[in-house]
Every structure is written in C-alpha cells, then in structure tokens.
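> Next one to model:
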Amino acid sequence: MIFRQLCHSPKGELSYLMGDPVTREAVIIDPVPALLENLELFVQERGLILKYILQTHHDAELMRAAEHLKTSTGARVLAHESNTNSQIDLRLRHGDRLYFGEESLQVLHTPGQSPCALTYHWEDRLFTGKTLLVNSTLPCPSSDDAQILYQSITQRLMTFPGETLVYPGLETKGRRLTSIEEVRRKDNWFHNQNGHREIFQRYSRLFTNSTSKSSKAVKELGTPDEEVHRYTPDRNNPVSL
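As a prediction, this is how the structure comes out:
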C-alpha cells in the first residue's frame, strides 16, 4: 500500500492518500485546501490515478477542495447518502465497500458530529475524520447528538481489535495517531456497552462535558512533519478488480 498522511499545521487538519502499488489507483480522504498542491504533486510524482475523493463529514472547505480535484483529475466525490451537495457523485451507506485496484475500504456510518459522518476501514486502520480523535472528540451540537456519537464509537469503532490504528481528521496536542486499545484504556466511558439506559445517559453527559473542555486542546499544534509510509500486509485473499 502507498500511504501518506499530510498535516496542515496551522489548523492541525489531516488529509490522507492511499494507493494500490500494482494498478496505481488511489483515493484521497478529506482533502484540505491548503494541502492540495502537495496532494496533487504526490499523485503526479508517483504516477497515481486518483479514483475517489472521500468525505468523512460535510465541510464547505473540504468540499471545495474535492471539487477542484474532481475537475483536475476526473475522480469521483463520495460521501454519505444524507449529504445533498450537488458535487457528490456517489452516495454511500453503512457496509458499502470501495475498491481501488487490488485494495478496498469498508464504509462505516458513524453519526454524531453530523448525520453524514463516515469512517473508512482498511486492514488494521480506521480513518475516523472528526468522529474520534486521539483520546478525544469534538463537542456535539446537542445532548441527543452526543448519545448518537457515543453509540457510533462504542458499537462500531470500539468493537475492532485493540491493535487497530486510528487515523483522525485533526491532530490533538501534536498527536496524529492512536489505537483502539489506547482509547479503551484512557477513556473509561467507552468501556460500557451493555446498553443500560441510565448508565448510557450518565456517560453521554460526561462525554459532552469532557469534550467541551478539551476542544481547545485539540487545536494545539504538533510538528509539521510529513512522512511517506508503505505497508503491505499479508493477505490470504487479496481483493480483485
């Protein structure tokens, strides 16, 4: 797998590029406008064919960047089916699978921050956008949304093995990577998955208060390093075209 995480340090915003080394087909997750030049240069230098531009949530700036890439490369813009933006070419549902070359991503619907929030799963990695950051998340619009977000995290993300890596859409105190196990150990309210109403409501209120206090910390900046990573896992059944 050709993989790159890019960070716009002034705001801590993260974009991701993934490419199949065999067919050169690639996808970009949440293209940040300030990173467009770097993304396009990397695609060109590596001889990649951009197939999909994936949105984890609705954001006007990210959508404008997606439109630019769509025009310049012919790639299709993908987002959740509840997103009504006219530039979206393909609307996704929970459980859909996206293929680029011999690689694929599974689509997880993880609402809470917004009704159209998505997480993308590849092998041992989750690309969570703003749904789950490094041991934190952003405040929700309402307590009802906080409950929905709690369900998305506990019932869909926390069910993955502990070694699963979490790549968020924003850095937190300079950190751009965590794991499901680290989240489990540090965020006690994610341990409860028994569905008891009173415990769930108590934890969701705690969750909302905690994220409100931590929202400023999310914006603290890290170093502006940009690394190119390659990772080719052992796969008994590689996805075919």
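
> so which strand or helix has Ser114?
Remark: Ser114 resides in no helix or strand, with elements defined by DSSP states H and E.

> my guess is it contacts Asp59, does it?
No - under the criterion of C-beta atoms under 8 Å, Ser114 is not in contact with Asp59, lying 9.1 Å apart. To be clear about C-beta, it is placed using only N, CA and C from the backbone, and glycine gets the same treatment.

> which of those two has more neighbours?
Ser114 (22 against 18; other C-beta atoms under 10 Å).

> Just give the closest residue to the more buried one, not the sequence neighbours.
His57 (5.1 Å; C-beta to C-beta, 6 or more residues apart in numbering).

> With Arg93 instead?
Glu81 (5.7 Å).

> ok, which stretches of the protein are strands?
2-8, 13-19, 25-29, 49-54, 76-80, 90-92, 97-100, 103-109, 118-122, 125-129, 165-168, 178-179, 228-230 (DSSP state E).

> so can I have a markdown table of those showing mean pLDDT and mean neighbour count?
Putting these into a markdown table (pLDDT from 0 to 100; neighbours: other C-beta atoms under 10 Å) gives the following:
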| stretch | mean pLDDT | mean neighbour count |
| --- | --- | --- |
| strand 2-8 | 96 | 19 |
| strand 13-19 | 97 | 23 |
| strand 25-29 | 98 | 26 |
| strand 49-54 | 98 | 23 |
| strand 76-80 | 97 | 22 |
| strand 90-92 | 96 | 17 |
| strand 97-100 | 97 | 17 |
| strand 103-109 | 98 | 20 |
| strand 118-122 | 98 | 23 |
| strand 125-129 | 98 | 25 |
| strand 165-168 | 98 | 22 |
| strand 178-179 | 95 | 20 |
| strand 228-230 | 30 | 10 |
